[in-house]
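Asker: quick one: sequence plus predicted model below, questions after.
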Amino acid sequence: MDRAPIRIFVDADACPVKAEIYRVAERHGAKVLVVSNSLMAIPPAPWIERVIVASGPDAADDWIAERAVRGDVVVTADIPLAARAVKAGADVIGPTGRQFTEASIGDTLATRNLMDDLRSAGLVTGGPRAFTQKDRSAFLSALDLAIVRLKRAGFGNT
């Protein structure tokens, strides 16, 4: 079961917490895979890898979902990707610190689909609320706790 290091997959195109991910990963000795469909600047560190996938609406999601397994962490705000990663056994955290689990992902996916239908019908306008410092702090705590739990379960460098 031991696999070193723990991997953190980042759905990076619109991720507001990349700097926080790098800090937590460095502290815990985790590997970060920054996945996007465009060139993105990353810090020059051997434990951070840039992965550029083909352009397309779900190319980054597909790349992550095909590789994430139990013992990995996936950081995404994309609910369908979160559902796929949870199904694969990965720990999944949104940029606001929200943890997606087997117990919560079904309702979350259903709500997302309902809101998408309402937006398509013109009944709901506007986007998500603004990202706050409280969200950033909640994310840092959630990511740190997820990695600590994985290490206690025998993943990564223990």
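Answerer: Cool, the structure landed.
Asker: contacts and neighbour counts: CA atoms only from here.
Answerer: OK.
Asker: what confidence value was assigned to Ala88?
Answerer: The model reports Ala88 with a pLDDT of 96.
Asker: number the residues from 767 up from this point.
Answerer: Let's use 767 as the start, then, which means that last one is Ala854.
Asker: and for it, the neighbour number?
Answerer: Residue neighbour count, defined by other C-alpha atoms under 10 Å, stands at 16 for Ala854.
Asker: close enough to count as contact, it and Gly837?
Answerer: No. When contacts are counted by C-alpha atoms under 8 Å, Ala854 is not listed as touching Gly837 (10.1 Å).
Asker: show me what contacts Ala854?
Answerer: Ala854 is in contact with Ala831, Ala834, Val835, Arg836, counting by C-alpha atoms under 8 Å, 6 or more residues apart in numbering.
Asker: 6 Å instead, please
Answerer: By C-alpha atoms under 6 Å, 6 or more residues apart in numbering, the residues touching Ala854 are Val835.
Asker: and if you look at Gln899?
Answerer: The contact partners of Gln899, by C-alpha under 6 Å, 6+ apart, come to none.
Asker: show me where this protein has strands.
Answerer: For the chain, applying DSSP state E gives strands covering 773-777, 797-802, 814-818, 839-841, 857-859, 865-866.
Asker: okay, those strands in CSV with mean pLDDT next?
Answerer: Conversion of those to CSV gives the following (pLDDT from 0 to 100):
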stretch, mean pLDDT
strand 773-777, 97
strand 797-802, 97
strand 814-818, 97
strand 839-841, 98
strand 857-859, 97
strand 865-866, 92
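Asker: can you pull the poorly scored residue ranges out of this protein?
Answerer: Of all residues in the chain, those with pLDDT under 70 make up the ranges 767-770, 869-881, 883-885, 890-894, 923-924.
Asker: in it, which spans are helices?
Answerer: Chain-ordered helices for the chain, with DSSP state H as the definition, fall at 784-794, 825-833, 845-853, 868-886, 899-918.
Asker: tell me which of those approaches Val817 most closely.
Answerer: Between Val817 and the helices of the chain, the tightest spacing by C-alpha to C-alpha is seen for helix 825-833, at 8.8 Å.
Asker: and the closest one, what's buried?
Answerer: Under the neighbour-count criterion of 16 or more other C-alpha atoms under 10 Å, helix 825-833 has Ala825, Ala826, Asp827, Trp829, Ile830, Ala831 buried.
Asker: contacts for it?
Answerer: The contact list for helix 825-833, computed with C-alpha under 6 Å, 6+ apart, reads Val801, Ser802, Leu847, Ala851.
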